[in-house]
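Visitor: Okay, here's the prediction I keep looking at, along with the sequence it came from:
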Amino acid sequence: MHIHPLITDTATLAALCTRLAAADFVTVDTEFMRENTFYPDLCLVQIAGGGEAAAIDPKSPDLDLKPLLDLLVEEPVLKVFHAGGQDLEIIYNLTGKTPTPLFDTQIAAMALGQGEQVSYTNLVQSFLGVAIDKGARFTDWARRPLNDRQIDYAIGDVTHLAALFPKMLAKLMKTGRGAWLDDEMARASNPATYANDPDTAWQRLRLPNRNPVILGRLKALAAWREREAQSKDVPRGRIVKDETLGELAASPPATQNDLARMRGLSTSWASNDIGKRLCAALAAATPLPADEMPVREVSRPGLSSEGALIADLLKLLLKIRAKEANVAPKLVVKGDELDAIAAGVRDGLPVLNGWRFDIFGKDALALVDGHLAFTVRDGKLTMTGTGVEVE
């Protein structure tokens, strides 16, 4: 594979992207820093395809990323990532779109029995027999100039990925598991996955209780903090920590002066502008509407203590069936679906359709309905009615 020198100008980038648009696929990776910012600070982009590869310097004053972004979000060439969630977030932040069509090798690895979050290093070792030099992984990618070892390390991520992807694709086609990934790839490429909507920021927080008044305050405070963090481009915790938001929602200050006595806030908040904006957010808060109330996590509809035991049996069955099929359990079913089945839910569950039903769903229903049972025979765990024995 031909490795280009670091690309620092728009004309060279545009020419590369024109060639890559005709490739069968391109592999993509990014290097970024986000310890001190709300948004990831893009420091380097690596891309390979059609027998060539390059690192691109987005911090160069002579480079406009538009040709690359157009390639990623407008051209029909397949884009291949590994664990690309944060890479896709960066692209979404820059364009409002996500790359399509998309393939993520970490997601694909789940369908090939490589575990739920297999590392790139282990995947390359498993499929290519190559040990990656990790010596430059703690690089400060925002610092310039980058040396040759750092650039070579970064480009290696996409050149290895270019060799890895065809092998994984061939194995998926041989095993007939390509369709298993459709839902996960669709979710990964959905722009809504990466949108930072201030009005939904509260849903990421640990809820103090289920009181609609308190949750309404928490929603307002979380939205306020999200906008403050975005406007200042600093991490959320630099504005106010999560636990402080919870305390403010549960025990709101009567006046701005009372902020001086709140744990986690500086005394200056009693008189400064950010404290004034916090109090305005609290004053404007309304009780959380019934249709926004979170689903109870512990007590799902119909899930009694006996139902919880059934859910535990379903987890055991899932472990067995996933091992037999050599697939990551997480790809087969999500934890809340097990609780739903145990509670008697039968509609709207992905695990009760398609390949998931064949591998696990039908046996899950059989277990819940009493047509499948676990017994121990000669020291081995046996499921009656199937003739399958598990060590």
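Guide: Everything's here; your move.

Visitor: Quick check: buried residues in the helix or strand containing Tyr153?
Guide: Following DSSP states H and E, the helix or strand that holds Tyr153 is helix 148-175. Of all the residues in helix 148-175, those buried under the rule 16 or more other CB atoms under 10 Å are 150-151, 153-162, 164-165, 168-169, 171-172. From N, CA and C alone the C-beta is placed, and that goes for glycine too.

Visitor: what's the answer for stretch 48-68, then?
Guide: Buried, per 16+ other CB under 10 Å, within stretch 48-68: 48-50, 52-58, 60, 63, 65, 67-68.

Visitor: ditto for stretch 131-150
Guide: Per 16+ other CB under 10 Å, stretch 131-150 contains these buried residues: Ile132, Ala136, Thr139, Trp141, Leu146, Gln150.

Visitor: of those, closest to Leu205?
Guide: Using CB to CB, Trp141 is the member of the buried residues of stretch 131-150 that lies nearest Leu205, at 30.2 Å.

Visitor: do you know how far that closest one is from Met293?
Guide: 42 Å (CB to CB, to the nearest Å).

Visitor: Low-confidence ranges, this protein, go.
Guide: 295-304, 386-391 (pLDDT under 70).

Visitor: can you list the domains in it?
Guide: With domains defined by automatic domain parsing, the chain comprises 2-194, 198-292, 305-390.

Visitor: For Ala54, see how far away Pro5 is.
Guide: In terms of CB to CB, Pro5 sits 8 Å off from Ala54.

Visitor: again, but for Arg34
Guide: Distance from Arg34 to Ala54, by CB to CB: 24 Å.

Visitor: Strands of this structure, residue ranges please.
Guide: 2-3, 25-33, 41-49, 52-56, 78-81, 102-104, 373-377, 380-384, 388-390 (DSSP state E).

Visitor: Mind listing residues that contact the fourth one?
Guide: When you say that, I think you mean strand 52-56. Residues from elsewhere that reach strand 52-56, judged by CB atoms under 8 Å, 6 or more residues apart in numbering: 1-7, 13, 16, 19-20, 44-48, 63, 65, 68, 151, 154-155, 158-159, 162.

Visitor: ranges for the helices of the stretch 101-250 of the chain?
Guide: 105-111, 120-128, 148-175, 182-188, 212-232, 236-239, 242-250 (DSSP state H, counting those that start in this stretch).

Visitor: As TSV, those with distance to Lys362 would be great.
Guide: Shown next, in TSV, are the helices of the stretch 101-250 of the chain (distance: least, CB to CB, whole Å):
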stretch	distance to Lys362
helix 105-111	19
helix 120-128	31
helix 148-175	20
helix 182-188	19
helix 212-232	39
helix 236-239	44
helix 242-250	42
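
Visitor: so which of these comes closest to Met262?
Guide: helix 242-250 (6.8 Å).

Visitor: quick revisit: now for the helix holding Tyr153, which elements pack on it?
Guide: Here helix 148-175 touches strand 25-33, strand 41-49, strand 52-56, strand 78-81, helix 105-111, helix 120-128, going by 3 or more CB pairs under 8 Å, 6 or more residues apart in numbering; DSSP states H and E.

Visitor: Could you rerun that using 7 Å?
Guide: strand 25-33, strand 41-49, strand 52-56, helix 105-111, helix 120-128 (3 or more CB pairs under 7 Å, 6 or more residues apart in numbering; DSSP states H and E).

Visitor: Columns distance to Ala281 on top of the ones you listed, output as JSON lines?
Guide: Shown next, in JSON lines, are the helices and strands packed on helix 148-175 (distance: least, CB to CB, whole Å):
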{"stretch": "strand 25-33", "distance to Ala281": "30"}
{"stretch": "strand 41-49", "distance to Ala281": "28"}
{"stretch": "strand 52-56", "distance to Ala281": "40"}
{"stretch": "helix 105-111", "distance to Ala281": "38"}
{"stretch": "helix 120-128", "distance to Ala281": "41"}
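
Visitor: Which pair of the buried residues of stretch 131-150 spans the longest distance?
Guide: Ile132 and Leu146 (18.1 Å).

Visitor: Isn't Thr27 up against Gly50?
Guide: No - proximity of Thr27 to Gly50 does not meet the contact threshold set by CB atoms under 7 Å, at 10.8 Å.

Visitor: who are the neighbours in contact with Thr95?
Guide: Leu69, Val73 (CB atoms under 7 Å, 6 or more residues apart in numbering).

Visitor: for Pro329, same thing?
Guide: Leu318, Lys319, Ala322.

Visitor: Who wins on neighbours among those residues?
Guide: Neighbour tally across the contacts of Pro329 (other CB atoms under 10 Å): the maximum, 22 neighbours, falls on Leu318.

Visitor: any idea how far it lies from Asn353?
Guide: According to CB to CB, Leu318 and Asn353 sit 16 Å apart.

Visitor: what do you get for Phe374?
Guide: Per CB to CB, Phe374 is found 25 Å from Asn353.

Visitor: Neighbour count for those two, which is higher?
Guide: Just comparing Phe374 and Asn353: by other CB under 10 Å the higher neighbour count belongs to Phe374, 14 against 11.

Visitor: Show me what that one is bridged to.
Guide: Met383 (DSSP bridges).

Visitor: Centroid-nearest residue for the chain?
Guide: Using CA atoms, centre = their mean, the residue of the chain that lies closest to the mean C-alpha position is Gly85, 4.9 Å off.

Visitor: Report the spatially nearest residue to that one, omitting neighbours in sequence.
Guide: Ala188 (7.2 Å; CB to CB, 6 or more residues apart in numbering).
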